[in-house]
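*Asks:* just a sequence and a predicted model for now, questions to come.
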There are 2 protein chains.
Amino acid sequence: MASAVPFLELNLPSMQGYSISQNRLLGRLDELATIGPIEGGGSCRLALTDADRDGRDLVLTWMKDLGLDISIDGVGNIVGTWNVGTGLPVMTGSHIDTVRTGGRYDGNLGVIAGLEVIETLMSAGMTPARPFAVGVFTNEEGARFQPDMLGALVYVGGLSLETALDTVAIDGAVFGEELQRIGYAGSSPCPSAAPYAFVELHIEQGPRLEAEGVQIGAVTGVQGISWQEVTISGQSNHAGTTPMSLRHDPAYIAAEIAVYLRQIAREYGGNQVCTVGKIDLQPNLINVVPKSATLTLDVRNTDEKLLCEVEAKIDQKIAELAVAEGVTISSRVLARFEPVEFDDQLTGLIVEMANYHNRSVMMMPSGAGHDAQMLARVCPTTMIFTPSVQGISHNPTEFTNTDDLVAGTNILMDTMWALAHSDLSSQTGMI
Amino acid sequence: MASAVPFLELNLPSMQGYSISQNRLLGRLDELATIGPIEGGGSCRLALTDADRDGRDLVLTWMKDLGLDISIDGVGNIVGTWNVGTGLPVMTGSHIDTVRTGGRYDGNLGVIAGLEVIETLMSAGMTPARPFAVGVFTNEEGARFQPDMLGALVYVGGLSLETALDTVAIDGAVFGEELQRIGYAGSSPCPSAAPYAFVELHIEQGPRLEAEGVQIGAVTGVQGISWQEVTISGQSNHAGTTPMSLRHDPAYIAAEIAVYLRQIAREYGGNQVCTVGKIDLQPNLINVVPKSATLTLDVRNTDEKLLCEVEAKIDQKIAELAVAEGVTISSRVLARFEPVEFDDQLTGLIVEMANYHNRSVMMMPSGAGHDAQMLARVCPTTMIFTPSVQGISHNPTEFTNTDDLVAGTNILMDTMWALAHSDLSSQTGMI
């Protein structure tokens, strides 16, 4: 972790009285939200649709207006670089694709804040010692093509370009063909060269900051995720004529599993979360003991060892329930990602920057996946979270207060500046 | 309860060596099953559809071939009467409408067995002291028009003809119009005159007889039914970013309710059964804490006092869960029927008849609703159950062994004969 505040020697932009422009920031968020508009003020810009193309076109216009060098790689990732200083760039960015019922901040904030940082510094006549880059990563949401964070994953070499281009969407479209169609199959190579460091500004998409009355989250990493689908097969029977002792009831077992998930999440505490969000009974009739139940288990922890323990306990419980009720239970893994740990020094820097800006701050893991977790494979990485009102996201009512948006973007600016003037390769680096 | 076996003085048909015809009984079951056929050997004859009409036409042909007097009332109930002897008729019967995935025994057996009893006696030259009647009641299943057992309910005066005719189907059709369309809006008055007694032969539709290795069920009554739909409204949130302590999770509460229903059913034991057969989550996605859950509660007991107790405890539990989780729960009653008790003397007679036929027998309540429970409002009533293999019903794989079908029908024959020669109005009647 960083020691006391040597970055105070760095003449941060905010120390010199500069602030990002609230009006410009909000104006760009508003303008981008008008592309793929949906009822309630949100957007639907599923990856590689016409709406995604129109959103990309708008961001490109902004980048060109700033005079950035623009590269587009084979998977459609856009990087706008302010080629100043020397060495590897300090990178920020996020995504502008959305879920079907997207809000106006998720992803968009990280891209627009990056442009805002550059424009503010340009206007102030301040030139960082390293290039600044803003990435717009393809298909972060995974709402049309899976996996999510596909663009960032290819960017860091975690998935081959060929595999990515062959990906088939939930609507049957092929990734490579759609990318060609919207004109964003670029020629820059991927995987790309690793940046010097990566910092992503994002809304929290959860309720913790608001609930604890804290203004900034310094993100320590991303939770590991274990997704499985559990299918329970029992004996369909008449609800009136079948004595309790003769039942093999998949709905009851599904309920026991859901209750157990809550119990074990409480037992482990900490960052352990468990969710049953989907239950489907067959035939799903009031007076029929179902013949089958399918439910999903979403289990996350920041600690891989604890996550494995919880997975094992759930498996054991399921096996016990199957025997006790005389039902057959099978399960298949839908996703399994180990936890990602961000760079301690960088996360510590966010804490110090928040303190300097007089914003309350807490270190916290991200419960959701983000492009930053892919960049963390190749360079020191962290994220800055701003509060989400009521924790709502993926919904047109997603909202973050203007004050928080501005503070988050200023902290991003000072953090990028500090990184541009640091030496992360040294154990005694400035931060 | 009946004393020892005075009916042995009655010269029952079986005492004289007569048995119903297995081939004729099975032949008619087979023939009726070919109308509205579905994959697997079952039938789909939803009430007042063309298939229902074709089934009725076939049964009418059989009745006419036997020379029965046929009446059809304003709600479409068909009664075929063998007008011999004097006084009120001894009545049997059931229904030939089915659920969408109907088997070949549910209902059909009771109608065809009634005709079989009459044809056997006619062939034997035996004439009962009272008329024998076979009823075919309209819309027993309730799979197209609600309530179920509608025809029998109108037959006994429990629902006005006008209300019945105005009933709208799940497919939007109007009962009276459909009845006219298929040509079964008859002119016989309803409510009809009460018969002397009513005995219905039916498959158990549950697993108890098979599980206990018993061949005949002497039915003591029908369980009371309490159906409600419970809707839980919580806070939809991201499954990864929302700490357990901040959740208001309708899926978890639905699961707790389902687990509680199993618990209270075990606690009360006896004839208490509780089922959650239907659960619907919104939006039903793996990584979203649902915003709402709707589930159905099917709670039954043969004892009204116990049923009320269990309902009250469930209500209390739901209220406690709502407070603990911070969710809103509303519920609405979908159906509520008090338990029906059949006539002790008649049920005792079934036990004696089964003993006489060397069939093992147990007294048991019916978990499902039947036409007989409506007839029980106006005359001494009971039912005879034959075992359902694996308890399966409302499914093409519904099956009862031939031996059980024949024995059940012979017991029906002797029971109707005994009733025709009894005096149920006397406390010292022959049975």
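*Replies:* Okay, I see it. Only a predicted model underlies this, so the values are computations on that prediction, with no experimental measurement involved. Numbers count the residues shown, from 1 in each chain, chains lettered A, B, ... in the order given.

*Asks:* from now on I want contacts and neighbour counts done on CA atoms only, so please keep to that.
*Replies:* OK.

*Asks:* residue contacts, the most centrally placed residue in chain A?
*Replies:* Residue closest to the average C-alpha location in chain A (C-alpha atoms, centre = their mean): A:H370, at 2.5 Å. Listed by C-alpha atoms under 8 Å, 6 or more residues apart in numbering or on different chains, the contact set of A:H370 reads A:S94, A:E140, A:M149.

*Asks:* now, which of those lie close to chain B?
*Replies:* Contacts with chain B are made by none of those, judged by C-alpha under 8 Å from any C-alpha of the partner chain.

*Asks:* how about those residues in TSV, adding secondary structure and pLDDT?
*Replies:* Shown next, in TSV, are these (DSSP: H, G, I helix; E, B strand; the rest coil; pLDDT from 0 to 100):
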residue	secondary structure	pLDDT
A:S94	strand	98
A:E140	coil	96
A:M149	coil	95
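
*Asks:* redo those residues as a markdown table? Include distance to A:R104 and neighbour count.
*Replies:* Below are the contacts of A:H370 laid out as a markdown table (distance: C-alpha to C-alpha, whole Å; neighbours: other C-alpha atoms under 10 Å in any protein chain shown):
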| residue | distance to A:R104 | neighbour count |
| --- | --- | --- |
| A:S94 | 13 | 29 |
| A:E140 | 15 | 29 |
| A:M149 | 18 | 24 |
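
*Asks:* about what we covered before: where does the residue nearest to the centre of chain A land on pLDDT?
*Replies:* Looking at A:H370, its pLDDT reads 96.

*Asks:* list phi and psi for it.
*Replies:* The phi and psi torsions at A:H370 (degrees, to the nearest 10) take the values phi -150, psi 160.

*Asks:* neighbours of the closest residue to A:P131 other than its chain neighbours, just the number please.
*Replies:* The shortest distance from A:P131 to any non-neighbouring residue, by C-alpha to C-alpha, 6 or more residues apart in numbering or on different chains, is to A:P89 (4.4 Å). Using other C-alpha atoms under 10 Å in any protein chain shown, the number of residues around A:P89 comes to 25.

*Asks:* can you check the one 10 residues further on too?
*Replies:* Burial of A:V99, expressed as a neighbour count using other C-alpha under 10 Å, amounts to 20.

*Asks:* who's in contact with it?
*Replies:* Contacts of A:V99 (C-alpha under 8 Å, 6+ apart): A:C44, A:R45, A:L46, A:E141, A:G142, A:A143, A:H394.

*Asks:* how close does it get to A:E39?
*Replies:* As defined by C-alpha to C-alpha, to the nearest Å, A:V99 lies at a distance of 14 Å from A:E39.

*Asks:* again, but for A:Q345
*Replies:* 42 Å.

*Asks:* of these two, which one has the most company?
*Replies:* Taking other C-alpha under 10 Å, A:Q345 and A:E39 do not tie; A:Q345 has more neighbours (19 against 9).

*Asks:* ok, A:L26 - contacts?
*Replies:* By C-alpha under 8 Å, 6+ apart, the residues touching A:L26 are A:T402.

*Asks:* now do the same for it: its pLDDT.
*Replies:* Confidence score, pLDDT, at A:L26: 98.

*Asks:* element containing it, please.
*Replies:* Per DSSP states H and E, A:L26 falls inside helix A:22-33.

*Asks:* please could you give me each C-alpha atom of that helix, formatted as CSV?
*Replies:* Taking Å, rounded to 0.1, in the frame of the first residue of the first chain, the C-alpha atoms of helix A:22-33 are listed here in CSV:
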residue,chain,number,x,y,z
GLN,A,22,-19.9,19.2,-15.2
ASN,A,23,-21.9,20.5,-18.1
ARG,A,24,-19.8,18.8,-20.8
LEU,A,25,-19.8,15.6,-18.9
LEU,A,26,-23.6,15.5,-18.3
GLY,A,27,-24.2,16.8,-21.9
ARG,A,28,-22.3,13.9,-23.4
LEU,A,29,-24.0,11.4,-21.1
ASP,A,30,-27.3,12.9,-22.2
GLU,A,31,-26.4,12.8,-25.9
LEU,A,32,-25.2,9.2,-25.8
ALA,A,33,-28.4,8.2,-24.0
